[in-house]
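> give me the fold of what follows.
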Amino acid sequence: MSLSGRAALMNPIKTIALVVALFVVVGSARAVVPIVPKPVNVEETAGVFQLKPETTISGSPAELVAYAADALKLKKAEGASAGSIVLSTNPATPTGAEGYELLVTPDKITVSATQPAGIFYGIQSIKQMIGSDGKIPACKITDAPRFGYRGLMLDSSRHMQTKEYILSLLDRMSELKLNRFHWHLSDDRGWRIESKKYPKLNEIGSWANSTDVDEGAPRASSSKPGRYGGFYTQSDIREIVAYADARFITIVPEVDLPGHTTDIVAAYPELGCTRKPMPVRYDFWGSDALLCLGDERTYQFVEGMLTELIELFPHSPVIHTGGDECFHYQWNHCPVCQAKMKEMHLKDASALQGYFSERVAKFLASKGRRMQGWDEIREGTNLPPGVIVQQWRNLKAAKEAAEAGLDVVCSPSEFCYFDHIYNALPTSKVLSFDPVPDDLKPELVSHILGAQGNLWAETLSTPADVDFHAFPRALAMAEIGWSPKDPKGAPRDFTDFCLRAQSWIDRQPADQRLGLKQRLIGNPDYGQPIAMWSKADLVAKTPTMSWDISQAISGPGTYRITFELRAGAWLLTEQATITPGGSIDKHSGYTGVVQDCNQYDVTLDKYDPQTKYMLEAVARGRQGTGSTGQIFVMKIK
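Numbering: from 1, shown residues only. Okay, the predicted model is just below:
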């Protein structure tokens, strides 16, 4: 599901011009009220509030006073309204459940809201307004979100992140007023939830072997050798749930059903159509193992597993059950599934999946939960009220689901798949997305719950990889979900957004700040664009290609070579070197709308300015030769 379709790639000449212009603007200015997402209304007034060692905070609720005192390094004052900064829950505040009013004067700061969530978001705005000199500009802010669902999805199945990384991601989400953490916890590559009821899910289903891959498929070349995987203990999950709750983030846990279930079928083969044992595979996409939807044991397992999941996520009103990319071959050739279709008068395999979706939705409803699923769940059935459809495949899916009376979370791959390369999905394109279809009738707009950015982890093997793809695009997603549209329909002001986002970037730790500015206003800094490859290079009899890169070679040292697709078939790379005299970096990589291990480091021990230096690479096109792309060279040592 995470890789279907191709995003349009940016024109490199236009991109360079935009980057140069924005570097000048962003590098020389700072927004007066540098808040992301942009507040609904800001009235700037005279003066500043100066944070000092003696600045105090008071008010209610007590837990948020304690949180703000720690976050802003303040002392707690005695008395409900005696502090220099006062938090106040006031039912009369006209800002809704998550909105707030923030009044900053030279003498005092007051945050008012009807609910604790609004107080929390007011604190986040204060944090973002603090200058390096401790000054906060005087102003009055009235603010509330456009959408109630403002999400970020993380795939922890393809690559599993540490508990500590999850907590750090929740911190940054809360700073940006993102309030839904969609946690993808099962897929073909591994089951990530400790199960007391079904222990084989952890003994077998949580572990893959990197040798179990299909020949000719893009390989997760960053994969670890041998056994790979793991799972979050129930204690880990409870800690993460409590951490999210304290930051007003609702977790939407996902177990992918009834496809992308190699992890389940490996653990319990009797639940699959073939009934045969199989390994958890480490393919790029995994395999097409499906649950047998004609066998009642499947439904008993699903209900038992979901009951256990609900107990682990007691404050999650929505359970995501996947539903995407169920290739029907196995159901069409399974006698048990065919018998169920005949029994239930189901005309085809789509209707069989619809029967499964409807049955699971009704079970979750009996437990007081709503079902959410990828947009395929609408196929073959009329879903019961309360089901949430998550759009991903095309821009029409949201409108069609809303017209069917269903609520929708919008995350079309064209705008919201953050694992895509920045050339295909720059931050500016994320910011241009509007979840509400232009032609949706006004009376149906309430069915659009909000928007979400998705981080599929086939190629994101480390926390640094996740951060690279998530930020700063998550800032744009936060702006989409919270800030209102221009009443006249004008596009969002990207320059204004960059000025406010730059202030957020400046506050990040040095290791997380690296490269954020480049990814904010354009493409990552890969160095000098030195050459292109084309179809002509790929149809040569030998897979070795070469380019003159003499102008990028300035002396002995180590050079990083980056291959990045511009259009057409993916490029599968095997090795690169610089001749004469360069070392050889040999490993499998690829570049497409997503990419992995597509950089090669080559060392030159000697340099002669009169020598012609050639880049030589072993590479081929995947599924054809119609591929073009750009090659960058950067001296890193």
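> which parts of the helix or strand Tyr355 falls within are buried?
In this structure, Tyr355 is located in helix 349-366 according to DSSP states H and E. In terms of neighbour count (16 or more other Cβ atoms under 10 Å), helix 349-366 has its buried residues at 349-361, 363-364. C-beta: built from backbone N, CA, C; applies to glycine.
> any idea how many residues pack against Leu169?
23 (other Cβ atoms under 10 Å).
> which phi and psi does it have?
Leu169 adopts backbone torsions of phi -70, psi -40, taken as degrees, to the nearest 10.
> tell me the pLDDT of it.
According to the prediction, Leu169 has pLDDT 98.
> related to what we said a few turns ago, contact partners of the helix holding Tyr355?
Residues from elsewhere that reach helix 349-366 (Cβ atoms under 8 Å, 6 or more residues apart in numbering): 257-258, 293-294, 299, 302-303, 306, 319, 321, 323, 326, 328, 331-332, 337, 340-341, 344, 346, 370-371, 373, 376-377, 379-384, 386-387.
> just the buried ones from those?
Applying 16+ other Cβ under 10 Å to the contacts of helix 349-366 flags 257-258, 293-294, 302-303, 306, 319, 321, 323, 326, 328, 331, 337, 340-341, 346, 370-371, 373, 376-377, 380-381, 383, 387 as buried.
> beta partners of Met153?
Note on Met153: beta-bridge partners His182, Asn454, judged by DSSP bridges.
> repeat for Gln50
What pairs with Gln50, by the bridge criterion (DSSP bridges), is Lys135.
> CA atoms only for the helix holding Tyr355, dumped as PDB, please.
Listed in PDB are the C-alpha atoms of helix 349-366, where the atom choice follows Å, rounded to 0.1, in the frame of the first residue of the first chain:
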ATOM      1  CA  ALA A 349     -13.800 -11.800  -3.500                       C
ATOM      2  CA  SER A 350     -14.400  -8.000  -3.000                       C
ATOM      3  CA  ALA A 351     -17.700  -8.900  -1.400                       C
ATOM      4  CA  LEU A 352     -16.000 -11.500   0.700                       C
ATOM      5  CA  GLN A 353     -13.600  -8.800   2.100                       C
ATOM      6  CA  GLY A 354     -16.600  -6.500   2.500                       C
ATOM      7  CA  TYR A 355     -18.300  -9.200   4.600                       C
ATOM      8  CA  PHE A 356     -15.100  -9.400   6.800                       C
ATOM      9  CA  SER A 357     -14.900  -5.600   7.200                       C
ATOM     10  CA  GLU A 358     -18.500  -5.300   8.200                       C
ATOM     11  CA  ARG A 359     -18.200  -8.100  10.700                       C
ATOM     12  CA  VAL A 360     -15.100  -6.700  12.300                       C
ATOM     13  CA  ALA A 361     -16.700  -3.200  12.400                       C
ATOM     14  CA  LYS A 362     -19.700  -4.500  14.200                       C
ATOM     15  CA  PHE A 363     -17.500  -6.400  16.700                       C
ATOM     16  CA  LEU A 364     -15.500  -3.200  17.500                       C
ATOM     17  CA  ALA A 365     -18.800  -1.300  17.800                       C
ATOM     18  CA  SER A 366     -19.900  -3.800  20.400                       C
END
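> skip ahead from that helix and say which helix or strand is next.
strand 370-374.
> ok so, going back, next, report how far the helix holding Tyr355 is displaced from the centre of its chain.
27 Å (Cα atoms, centre = their mean, to the nearest Å).
> also stretch 629-637?
The answer for stretch 629-637 is 27 Å, by Cα atoms, centre = their mean.
> tell me the buried residues in it?
629-635.
> again with stretch 246-255
Result for stretch 246-255 [16+ other Cβ under 10 Å]: buried residues 247-255.
> so for stretch 97-117, first residue to last residue, what's the gap.
Stretch 97-117 has an end-to-end distance of 7 Å (Cα to Cα, to the nearest Å).
> ok, back up a step: and which of the buried residues of helix 349-366 is nearest Ser186?
Val360 (14.3 Å; Cβ to Cβ).
> ok, the closest one to Tyr607 distance?
Per Cβ to Cβ, to the nearest Å, Val360 is found 64 Å from Tyr607.
> same question, Val302
Distance from Val302 to Tyr607, by Cβ to Cβ: 63 Å.
> nearest residue to Ser316 in space, please, no chain neighbours.
Leaving out its chain neighbours, the residue that sits closest to Ser316 by Cβ to Cβ, 6 or more residues apart in numbering is Ile251, at 5.4 Å.
> checking that neighbour next. Helix, strand or coil?
Using DSSP: H, G, I helix; E, B strand; the rest coil, the structure places Ile251 in strand.
> in contact with it, which residues?
180-183, 240-241, 244, 313, 315-316.
> now do 10 Å
The neighbours of Ile251, taking Cβ atoms under 10 Å, 6 or more residues apart in numbering as the test, are 166, 170, 180-183, 237, 240-241, 243-245, 312-313, 315-316, 318.
> surely Phe632 is in contact with Tyr526?
Yes: counting by Cβ atoms under 10 Å, a contact exists between Phe632 and Tyr526, whose distance comes to 3.7 Å.
> what's the overlap in contacts for those two?
Counting by Cβ under 10 Å, 6+ apart, the shared contacts of Phe632 and Tyr526 are 560-564, 599.
> now the two most distant members of these.
Arg560 and Glu564 (12.5 Å).
> these two - which one has more neighbours?
Higher neighbour count among Arg560 and Glu564: Glu564, with 24 against 17, using other Cβ under 10 Å.
> what's the pLDDT at that one?
For Glu564, pLDDT reads 95.
> kindly report the same for Leu51.
pLDDT at Leu51 comes out at 94.
> and it, what does it touch?
Leu51 touches 72-74, 84-85, 109, 126, 130-131, 133-136, counting by Cβ under 10 Å, 6+ apart.
> thought Thr591 was touching Ser627?
Yes: using Cβ under 10 Å, Thr591 makes contact with Ser627 at a distance of 9.2 Å.
> shared neighbours of the two, anything?
Taking Cβ under 10 Å, 6+ apart as the contact rule, Thr591 and Ser627 both touch 565-566, 570-572, 619.
> out of these, which is nearest to Thr603?
Proximity of the shared contacts of Thr591 and Ser627 to Thr603 (Cβ to Cβ) peaks at Ala619, which lies at 20.3 Å.
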